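Novice: Here is the input, now give the coordinates:
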Amino acid sequence: LECNHLYTATTFISNQTQREAIMKLHIFSTSITILLLNKLLLAFSFSSRSVNLSTFFQHKTTESCLFASSNPTSLQMSSGDAESTLPTVEQASKDPFMSQLSHAAEICTLLEESKDDDELTSSLLKAQLSHSDGIRGFFATYLTSEGTVADEEDVPEPLAGAMREADMDVLVPLACMNVIMPTAMTSMHSDPELSTNAAKTARRGTRVLKFLKNQHESVGTNCNAILAAATESPGDEKQVKYWKKFFENYGYEDVQRADIAKAMKELI
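Specialist: Here you go, the predicted structure:
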């Protein structure tokens, strides 16, 4: 929690040098925290997959969304360290966010092995994407782990089917955030490697959002509102106000807003 509060505090610091110093301290502190969490995961044999957990943090915002810092540090958990333990459908549909991160690692492994429609993979994905914690936990892993199918042009069918059945009122705004936030971080990071990783996460998130655009009209509505909020243009008053507040919460300035606007234009 202290790591999260530390990062949030940077949005109120105008001095760029001080801001970057605190951001680096935040990344270091979070890496230590994630290392301890992974030790616990190993002890309880929760997962055998490499999970890039330190790229995503749960922040105290009104949206309760998942924030991508795009820290490239990847903490490995080999098959020799712990036995693979798949979640049950009930666990995937009900467990809280931190448990969903562990579940997502196993589900992503299944997704790698069965890109075509697979009953087990599909049922677990549908269960996990049936609620906000599951959606955030899954995409924290899917969008940031090394060697995932997220880099392929087409969304794997088990994931596509699960997203079609998800609550679009929950999924679409989170999917938009998973494009907005790493896009913004590409210019906020002073470290080229961190910026590159942020751009990679943004590209993966864009593929997901492009798929959803063909499934539900709310994607276009949200993208138009985000563009309007980023460019100070007219639009749906309620949604534009929501996304403007989102930008303010994370301290996005003109550079970040211009990058976000460009990303939205490509989607629209």
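Novice: State the helix or strand in which the closest residue to H131 other than its chain neighbours lies.
Specialist: Nearest residue to H131, sequence neighbours excluded (Cβ to Cβ, 6 or more residues apart in numbering): S93, at 6.7 Å. Backbone N, C-alpha and C define where each C-beta goes, glycine included. Taking DSSP states H and E as the criterion, S93 maps to helix 89-94.
Novice: Run through the neighbouring helices and strands of that helix.
Specialist: helix 97-113, helix 119-128 (3 or more Cβ pairs under 8 Å, 6 or more residues apart in numbering; DSSP states H and E).
Novice: mind checking which of these is nearest N197?
Specialist: helix 97-113 (17.7 Å; Cβ to Cβ).
Novice: Just want the angle from the closest one to helix 119-128.
Specialist: Here the directions of helix 97-113 and helix 119-128 differ by 150 degrees (axes from the mean of the first three to the mean of the last three Cα atoms, to 10 degrees).
Novice: Helix 97-113: which residues count as buried?
Specialist: For helix 97-113, a neighbour-count test (16 or more other Cβ atoms under 10 Å) marks 97, 99-111 as buried.
Novice: Please apply the same query to stretch 174-185.
Specialist: Buried, per 16+ other Cβ under 10 Å, within stretch 174-185: 174-185.
Novice: for stretch 216-226, same thing?
Specialist: 216, 218-219, 222-226.
Novice: The residues you listed in strands, which ones?
Specialist: Among the buried residues of stretch 216-226, DSSP state E puts none in strands.
Novice: mind showing which ranges of the stretch 51-200 of the chain have poor pLDDT?
Specialist: For the stretch 51-200 of the chain, the stretches flagged by pLDDT under 70 are 51-84, 115-117.
Novice: And the strands in it?
Specialist: 56-58, 66-68 (DSSP state E, counting those that start in this stretch).
Novice: coming back round to it: could I get the buried residues of stretch 216-226 in JSON lines, plus columns for pLDDT and distance to R164?
Specialist: JSON lines is the format used below for these (pLDDT from 0 to 100; distance: Cβ to Cβ, whole Å):
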{"residue": "H216", "pLDDT": "95", "distance to R164": "9"}
{"residue": "S218", "pLDDT": "96", "distance to R164": "14"}
{"residue": "V219", "pLDDT": "97", "distance to R164": "13"}
{"residue": "N222", "pLDDT": "97", "distance to R164": "18"}
{"residue": "C223", "pLDDT": "98", "distance to R164": "19"}
{"residue": "N224", "pLDDT": "97", "distance to R164": "22"}
{"residue": "A225", "pLDDT": "98", "distance to R164": "23"}
{"residue": "I226", "pLDDT": "98", "distance to R164": "23"}
